[in-house]
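J.: need a structure here:
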Amino acid sequence: MEFNILQYLPENIRIRIDNDIRKMFFEGKSVTNWSKVLNISLKNSSRYINGTRSISLILLKRLIGLTKADIDKLQNKIEFKIGKSGSYHRIGPSIDIDKNWVYISELINGDGHIPLSFWQIVFVNKNEELINYVKNFFLTQGIREDQMTLIKREDANFIVIRAAVLAHIFNKILKVSAGKKMELTIPNFVMQNKNLSIAAVKGAFDSEGSVTFSGSRRISISSNSKNWLNQIKQVLENLRISSTILEDKSKRKVPIYRIFIYKKSNLEKFLTIINPLHTKRKEKLKEILNNYTRNPSREFHKKILLSIQKGNIRKRDISKDLNLKLVITQNNINWLKKKQYIFAYEKIITNEGGYHKYKITSKGKDYLNKSLSFFD
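T.: Numbers count the residues shown, from 1 in each chain. Predicted coordinates for the structure are as follows:
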């Protein structure tokens, strides 16, 4: 969707225009005449005409109105800068907000932020593929490598993009919040467009989503913003993907909301239509679907308990005994530990790594005995 960014940029922006655009604006009148028409000094009029001084947004709009200039002729011939420092950025004035813009905007809504100063855009995520995707997006928008800083830590990767003009575009057009995050919102023009709304859900999931094997097989997206999740739910309903939103107040001053998607048919639609970019979550979702059965998850729990009871006390041995994927075994072991049905009684360190040995608790034995009548 096309937008004229002159309607959204701040008034304190500095603008440089190409020589042919200056000629188009200023030819036909003398410096004195332009000084009178614009009500500015002769000195400044001369600087604007010869291009030694940047012009303001208000002046650019006046010149367009006075000369009745075709705005299309300005395309890719004007540069913007906010403040005295930084570099000019050549963009617009017309820009096409496509699904890539929308996807990046929801990544930032979920796992990033724009400070109130608007000097930079920050995105934080462990997944390097997402970090690289964000970096490449900004490179295609004319941001240079030296305007970006990548910080790698064990817990997460940070990419900082010094692009004040783009920060304003994300904030004003795509409704990415600036400063402290409160209620988030997806713009109406995105909600009303199928491809753009799919990109919004994709960005929300890649930034704030999760995939769960144990208990019930599901995917979820979490946020403090109920409004944001309600909009995501609306998009999913339009795509005929069923979902539900739950409120979590446990040990929290401010509740967090989670949208859950269950059932194989819904998960398959999500994978096919939304097509997440987050590599680990996408692979986990594929694992769920490849190993999805009509049997309830508690059958996996019972089988793992029985395998441990038989003497398979390592995760790898349990997985081999049951012919289950290691990742599925691990997720169900995590669930059993959380429920206190098993516990790790010893950790063994070898040259090839480490592993735990598991035992069934008395609570786990009771659970197993009660479940036998259902499955055996």
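J.: report pLDDT for the spatially most central residue of the chain.
T.: Residue closest to the mean C-alpha point of the chain, counted by CA atoms, centre = their mean, is L107 at 1.2 Å. With respect to pLDDT, L107 scores 96.
J.: what does whichever strand or helix holds it contact?
T.: Following DSSP states H and E, the helix or strand that holds L107 is helix 99-111. The list of residues contacting helix 99-111 from outside it, by CB atoms under 8 Å, 6 or more residues apart in numbering, reads 114, 121-125, 130, 134, 137, 170, 174-177, 181, 184, 186, 190, 195-196, 198-204, 206-208, 223, 228. All C-beta atoms are positioned from the backbone trio N, CA, C, and that covers glycine.
J.: if any of these are buried, put those into a ChimeraX selection.
T.: Provided next is the ChimeraX selection string for whichever of the contacts of helix 99-111 are buried by 16 or more other CB atoms under 10 Å:
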select :114,121,122,123,124,125,130,134,137,170,174,176,177,181,184,186,190,196,198,199,200,201,202,203,204,206,207,208,223,228
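J.: re the thing from before, show me what the following helix or strand past the helix holding L107 is packed up against.
T.: Per DSSP H and E, the first helix or strand lying C-terminal to helix 99-111 is strand 112-113. If contacts are counted by 3 or more CB pairs under 8 Å, 6 or more residues apart in numbering; DSSP states H and E, strand 112-113 sits against strand 121-125.
J.: list the buried residues in the helix or strand just after the strand it packs on.
T.: The C-terminal neighbour of strand 121-125 among helices and strands, as given by DSSP H and E, is helix 128-140. Neighbour-count burial for helix 128-140 flags 130-131, 133-135, 137-138 (criterion: 16+ other CB under 10 Å).
J.: now stretch 329-341
T.: Those would be 329-333, 335-337, 341, for stretch 329-341 by 16+ other CB under 10 Å.
J.: swap in stretch 275-290?
T.: Buried residues in stretch 275-290, counting neighbours by 16+ other CB under 10 Å, are found at 276-278, 281-282, 284-285, 287-288.
J.: please export the C-alpha coordinates of that stretch as CSV.
T.: Written as CSV, here are the backbone C-alpha positions of stretch 275-290 (Å, rounded to 0.1, in the frame of the first residue of the first chain):
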residue,chain,number,x,y,z
ASN,A,275,4.8,-20.1,7.4
PRO,A,276,6.9,-18.9,10.4
LEU,A,277,10.5,-17.8,9.7
HIS,A,278,11.8,-18.7,13.3
THR,A,279,13.8,-21.8,12.5
LYS,A,280,13.6,-23.6,15.9
ARG,A,281,9.8,-23.0,16.3
LYS,A,282,9.1,-24.0,12.8
GLU,A,283,11.0,-27.3,13.2
LYS,A,284,9.2,-28.0,16.5
LEU,A,285,5.9,-27.4,14.8
LYS,A,286,6.8,-29.8,12.0
GLU,A,287,7.9,-32.4,14.6
ILE,A,288,4.5,-32.1,16.3
LEU,A,289,2.6,-32.6,13.0
ASN,A,290,4.9,-35.4,11.9
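J.: the bottom helix or strand of the chain by mean pLDDT?
T.: helix 362-375 (a mean of 69; mean pLDDT, DSSP states H and E).
J.: L38 is in contact with R62, isn't it?
T.: Yes - with contacts counted by CB atoms under 8 Å, L38 reaches R62, the gap being 7.0 Å.
J.: can you pull the poorly scored residue ranges out of the stretch 101-250 of the chain?
T.: By pLDDT under 70, the weakly predicted segments of the stretch 101-250 of the chain are 214-215.
J.: okay, helices next: where are they in it?
T.: Remark: helices assigned in the stretch 101-250 of the chain by DSSP state H, counting those that start in this stretch are 128-140, 164-172, 188-191, 194-208, 226-238.
J.: per-domain residue ranges of the protein.
T.: 7-87, 96-181, 199-290, 297-375 (automatic domain parsing).
J.: how long is the first one end to end?
T.: Taking CA to CA, to the nearest Å, the span from the opening residue of domain 7-87 to its closing residue is 21 Å.
J.: for the residue lying closest to D72 once chain neighbours are set aside, list each beta-bridge partner.
T.: Sequence neighbours aside, S94 is the residue nearest to D72 in space, at 7.4 Å (criterion: CB to CB, 6 or more residues apart in numbering). As for beta bridges, S94 partners with N4 under DSSP bridges.
J.: measure S94 to G28 for me?
T.: Look at S94 and G28: by CB to CB, to the nearest Å, they are 26 Å apart.
J.: those two: which has the busier surroundings?
T.: Taking other CB atoms under 10 Å, S94 and G28 do not tie; S94 has more neighbours (15 against 10).
J.: good, we can wrap up now.
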